[in-house]
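>>> fold the following for me, if possible:
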Amino acid sequence: IKREDPDGKLLNQYDLSHFKYLFLAGERLDPDTYFWASRLLNRPVVDHWWQTETGWAIVGNCMGLNPLPIKAGSPTKPMPGYEVHILDANGKILPPGEEGIVAIKLPLPPGTLLTLWQEDEKYKQTYLDMFPGYYFTGDGGYIDEEGYVYIMGRVDDVINVAGHRLSTGAMEEVIAKHPDVAECAVVGRKDEFKGQLPLGLVVLKSTVQRDHEEIKKELVQMVRDQIGAVASFKEVVIVPRLPKTRSGKILRGTIRKIADGESYTVPSTIDDPAILNEIEEALKTIRSQDSK
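Now for the predicted structure:
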């Protein structure tokens with residue numbers, strides 16, 4: 001919607017007097033999209049965070065009970081039964097505002113997974129062994145001074161650039177602020193010298209008529225200004241759309257394999273497999289530069 005109707009012109013054709021809330025799921029609700037939807041709808045725009053494994057929300061904002069003030073970029077606070085902590089690589093609890101690994105102190109509340117089908121040991125190894133006494137969510141983020149949780153992306157999406165660990169979610173947050181950008185994804189692709197380098201895939205709003213090279217330069221400069229030169233963010237590819245699951249999650253792992261020239265399996269959950277061919281075509285330039 002943000003791509004096709006960035007100014008919300010279609011809203012004028014419909015009666016939204018009974019429209020109470022907009023709930024977002026699938027991807028993290030970045031602040032720019034939150035402000036965009038809030039301005040157009042003039043209604044609460046509510047994010048929440050949960051996983052297939054948990055079966056219900058880990059962090060959310062209960063509109064029907066006691067709504068809390070909304071903070072852009074946060075799905076709000078943990079639901080009853082969840083004790084969420086931010087841990088460092090050694091399992092130590094980090095102070096407010098410091099980014100780390102999001103983990104849930106055991107026991108998990110009712111409704112969450114008890115094991116994996118006929119794979120009890122794999123369940124332990126995947127979710128419980130990394131931090132004894134905790135459920136490992138696989139996500140990174142932080143908790144602020146007021147207890148609001150911020151999910152910045154999968155731990156796999158933290159990339160290592162010349163020894164510096166950088167959050168691709170933070171880069172996406174910067175790119176999304178650009179007035180011409182509808183949505184984006186940043187992945188780390190292999191680099192012979194620095195280990196990994198960030199690669200930005202960007203979808204522009206349909207109304208954009210500007211030169212794409214100029215937009216790319218502006219995005220690179222924005223990341224440099226707001227995150228720093230250490231990010232080494234220099235590659236931006238403009239694509240017509242991003243590959244997603246039917247529930248709206250961007251297939252970053254598949255994008256990463258395409259960028260690295262690796263073989264991949266088309267995920268069964270993909271919304272439209274044809275998008276992967278589009279991404280392969282768009283990334284040919286990047287790979288051809290690598291071969292040189």
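>>> endpoints of stretch 1-21, how far apart?
Start-to-end span of stretch 1-21 (C-alpha to C-alpha, to the nearest Å) is 17 Å.
>>> give me the contact list for it.
For stretch 1-21, contacts defined as C-beta atoms under 8 Å, 6 or more residues apart in numbering pick out 33, 36, 40-41, 43-46, 63, 182-183, 203-207, 241. For every residue, glycine as well, the C-beta is placed using N, CA and C.
>>> if we use 6 Å, what do you get?
Contact partners of stretch 1-21, identified using C-beta atoms under 6 Å, 6 or more residues apart in numbering, comprise 40, 44, 46, 63, 182, 203, 205, 206, 207.
>>> now residue 262: phi and psi?
Torsion angles at residue 262 (phi, psi; degrees, to the nearest 10) stand at phi -90, psi 160.
>>> if I look at it, how far off is residue 173?
Residue 262 sits 27 Å away from residue 173, going by C-beta to C-beta, to the nearest Å.
>>> neighbour count for the two, which is higher?
More neighbours surround residue 173 than the other of residue 262 and residue 173, with 21 against 10 (other C-beta atoms under 10 Å).
>>> returning to that earlier point: now, the contacts of stretch 1-21 that are in helices?
residue 40 (DSSP state H).
>>> wait, what's in contact with residue 171?
When contacts are counted by C-beta under 6 Å, 6+ apart, residue 171 is found next to 186, 198, 223.
>>> turn the contacts of stretch 1-21 into TSV, including distance to residue 216, neighbour count and pLDDT.
Formatted as TSV, the contacts of stretch 1-21 follow (distance: C-beta to C-beta, whole Å; neighbours: other C-beta atoms under 10 Å; pLDDT from 0 to 100):
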residue	distance to residue 216	neighbour count	pLDDT
40	27	18	95
44	35	15	96
46	33	20	97
63	40	13	94
182	15	22	94
203	13	17	96
205	15	17	94
206	18	11	92
207	18	12	92
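>>> what is the nearest of the contacts of stretch 1-21 to residue 86?
Using C-beta to C-beta, residue 46 comes nearest to residue 86 of the contacts of stretch 1-21, at 22.4 Å.
>>> the closest one against residue 61, yeah?
Yes. If you go by C-beta atoms under 6 Å, residue 46 and residue 61 touch, sitting 5.3 Å apart.
>>> overlap in contacts of those two?
With contacts defined as C-beta under 6 Å, 6+ apart, no residue is shared by residue 46 and residue 61.
>>> and the lengthiest helix in the chain, what does it pack onto?
Scanning the chain for the helix with the most residues, using DSSP H, yields helix 212-226. If you count contacts as 3 or more C-beta pairs under 6 Å, 6 or more residues apart in numbering; DSSP states H and E, helix 212-226 packs onto helix 168-175, strand 235-238.
>>> cutoff 8 Å now
With contacts taken as 3 or more C-beta pairs under 8 Å, 6 or more residues apart in numbering; DSSP states H and E, helix 212-226 sits against helix 168-175, strand 195-204, strand 235-238.
>>> partner residues bridging the closest residue to residue 139 other than its chain neighbours?
In space, and not counting its chain neighbours, residue 139 is closest to residue 102: 4.6 Å by C-beta to C-beta, 6 or more residues apart in numbering. Counting by DSSP bridges, residue 102 is bridged to residue 86.
>>> how about residue 102, what does it touch?
Taking C-beta under 8 Å, 6+ apart, one finds 84, 85, 86, 137, 139, 140, 141, 149, 151 in contact with residue 102.
>>> equivalent analysis for residue 161, please.
The contact partners of residue 161, by C-beta under 8 Å, 6+ apart, come to 188, 194, 195, 196, 197, 198, 230, 231, 232.
>>> what do you get for residue 248?
By C-beta under 8 Å, 6+ apart, the neighbours of residue 248 are 25, 26, 27.
>>> correct me, but the last one touches residue 252?
Which is residue 27. No. Here residue 27 lies out of contact with residue 252, judged by C-beta atoms under 8 Å, at a distance of 10.2 Å.
>>> tell me where the stretch 1-150 of the chain has strands.
Here the stretch 1-150 of the chain has its strands, by DSSP state E, counting those that start in this stretch, at 22-24, 45-47, 49-50, 57-60, 77-78, 84-87, 100-105, 134-143, 149-154.
>>> tell me the strands beside the fifth one, with direction?
Each strand pairing with strand 77-78, determined using DSSP bridges, is listed with its direction: strand 57-60 (antiparallel).
>>> contacts for the partner strand next, please.
So strand 57-60 is contacted by 46, 48-51, 75-79, 82, 84, 104, 137, 149, 151 (C-beta under 8 Å, 6+ apart).
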